[in-house]
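# let's see this in three dimensions:
(one chain, ligands or ions: 1)
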Amino acid sequence: MTRFLYISDTHWGSGDSGYTMQPKYDEKLPVLLVLLMEWTEENGPVDFLLHGGDVIHETEDSSIQAAAEYFGLPLPIHLCLGNHDLTAQGSVDTWMRLAPQFFLGDATDFAIDTDDCMIHVIPNQYGTTPFLWDQTQDPHFLPAQIQTLEQRLELASDRTHLILTHSPVLDVDRQQSGLHKPFHQPPESFTTCVMGLVDKYGVTCVLGAHSHVNMKRELNGVNYITVSSFVETPFEFKLFEVTSDSVSMKTHNLLDRIDFRADYNWDNVFVQGRACDRSFHTTLTPRI
Ligand SMILES: [Fe+2]
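I've put the predicted structure just below:
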């Protein structure tokens with residue numbers, strides 16, 4: 001069995017600025033990671049931790065160095081770069097220089113190959129300059145990214161595949177948000193692109209982040225996931241378990257372990273999701 005943790009949007013260094021859905025305690029990231037490791041010791045073993053992006057708030061050497069220090073945990077860390085990780089020209093080079101351990105093969109795009117599945121990390125783009133977020137939020141992939149991903153998927157057509165990118169592929173279900181308009185709806189082109197790949201290669205699950213909301217939408221038997229911010233109350237994360245014949249996910253939090261006061265905005269309780277948004281269990285059908 002492959003077991004891994006999924007967290008996102010730690011926004012180290014954001015302070016009082018930036019988008020939030022619940023009260024944020026990014027300055028507590030080091031202690032939250034210690035508590036996560038305590039949880040892992042009690043509920044492990046866990047093979048690795050996936051971070052869905054926005055590790056830091058602004059791309060500066062000191063922030064990346066801090067992230068490298070705090071995420072120096074006793075398990076491998078794999079990162080899908082988010083928009084806040086790419087706020088300066090040359091950000092990718094800076095990440096590879098200061099924190100190459102977060103990537104495989106010194107590349108932003110890579111595959112984690114386990115006994116039970118392949119997880120394809122493919123950070124989406126935002127504007128006209130690759131791997132730079134300046135102003136626009138136009139999630140898309142570069143043709144070369146898609147080509148590399150398709151090659152990997154094609155070469156391992158008998159495997160169980162998961163994809164991780166930063167931006168959500170679908171909006172939050174309005175039954176969950178209670179809103180009259182879509183919440184974090186991506187452009188149709190992005191949804192179509194990802195769903196086309198999912199369909200063509202039989203991908204089982206697509207992970208995203210960025211919205212700071214727990215989402216689980218199942219379409220055609222495929223689960224599309226986002227996770228709330230790890231540094232916002234109640235400090236949630238997901239545990240995935242993959243075997244040869246199933247994929248499952250459960251959402252957990254660290255609220256009963258913290259020793260500082262954490263506020264909660266009860267007007268935004270939809271962030272945590274309903275029970276049906278917080279877990280799933282999929283039985284895999286054998287490939288013929
Ligand atoms: Fe983001």
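# residues in the chain within reach of the ion, list them.
Neighbours of the ion within the chain, by Cβ under 5 Å from the ion: 54, 82, 83, 210. Quick note: C-beta positions are derived from backbone N, CA and C, even for glycine.
# tell me the spacing between the first one and residue 80.
Yep, that's residue 54 we're talking about. 10 Å (Cβ to Cβ, to the nearest Å).
# quick check, nearest of the residues of the chain next to the ion to residue 229?
Nearest to residue 229 out of these is residue 54 (Cβ to Cβ; 8.2 Å).
# and the closest one, how many neighbours?
Residue 54 is flanked by 27 other residues according to other Cβ atoms under 10 Å.
# ok so, going back, now do the shared contacts for residue 54 and residue 80.
Residues touching both residue 54 and residue 80 (Cβ atoms under 8 Å, 6 or more residues apart in numbering) are 166, 209.
# secondary structure for the residues of the chain next to the ion - can I get that in TSV?
Listed next are the residues of the chain next to the ion as TSV, based on DSSP: H, G, I helix; E, B strand; the rest coil:
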residue	secondary structure
54	coil
82	coil
83	helix
210	coil
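# mind listing residues that contact the host helix or strand of residue 144?
In this structure, residue 144 sits in helix 143-155 according to DSSP states H and E. Helix 143-155 is contacted from outside by 109, 111, 118, 120, 122, 141, 161, 163, 193, 197, 200-201, 203, using Cβ under 8 Å, 6+ apart.
# in ChimeraX, how would I select just the buried ones from these?
Entered in ChimeraX, the line below selects the buried ones among the contacts of helix 143-155, by 16 or more other Cβ atoms under 10 Å:
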select :109,111,118,120,122,141,161,163,193,197,201,203
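# so which of the contacts of helix 143-155 belong to strands?
Among these, the residues falling in strands (DSSP state E) are 111, 118, 120, 161, 163.
# now list the buried members of the residues of the chain next to the ion.
If you count burial by 16+ other Cβ under 10 Å, the buried members of the residues of the chain next to the ion come out as 54, 82, 83, 210.
# that older thread, report the buried residues of the helix holding residue 144.
For helix 143-155, a neighbour-count test (16+ other Cβ under 10 Å) marks 145, 146, 148, 149, 152, 153 as buried.
# farthest-apart pair in these, please.
Set against one another by Cβ to Cβ, the buried residues of helix 143-155 have their most distant pair in 145 and 153, with a gap of 12.5 Å.
# so who does the residue nearest the centre of the chain touch?
In the chain, the centroid-proximal residue (Cα atoms, centre = their mean) is residue 52; its distance is 2.5 Å. By Cβ under 8 Å, 6+ apart, residue 52 lies in contact with 6-9, 80, 82, 164, 166, 207-210, 226-227.
# for residue 204, same thing?
Neighbour list for residue 204: 117, 160, 161, 162, 222, 223, 247, 282, 284 [criterion: Cβ under 8 Å, 6+ apart].
# of these, just say which sits nearest to residue 274.
Distances from residue 274 to those, taken by Cβ to Cβ, are shortest for residue 223, at 14.8 Å.
# and the closest one, how many residues sit next to it?
When counting by other Cβ under 10 Å, one arrives at 20 neighbours for residue 223.
# helix or strand for it, which one?
Using DSSP H and E, residue 223 falls in strand 222-226.
# other SSEs contacting that strand?
Using 3 or more Cβ pairs under 8 Å, 6 or more residues apart in numbering; DSSP states H and E as the contact test, the elements touching strand 222-226 are strand 205-208, strand 215-219, strand 246-253.
# hmm, who's touching it?
With Cβ under 8 Å, 6+ apart as the test, strand 222-226 has contacts from 6, 8, 52, 168-170, 172, 198, 203-211, 213-218, 238, 247, 249, 280, 282.
# convert the C-alpha atoms of it to CSV, please.
In CSV, the C-alpha atoms belonging to strand 222-226 read as follows (Å, rounded to 0.1, in the frame of the first residue of the first chain):
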residue,chain,number,x,y,z
VAL,A,222,-13.0,10.4,-11.4
ASN,A,223,-12.4,12.4,-8.2
TYR,A,224,-11.4,16.0,-8.4
ILE,A,225,-9.9,17.2,-5.1
THR,A,226,-8.7,20.4,-3.5
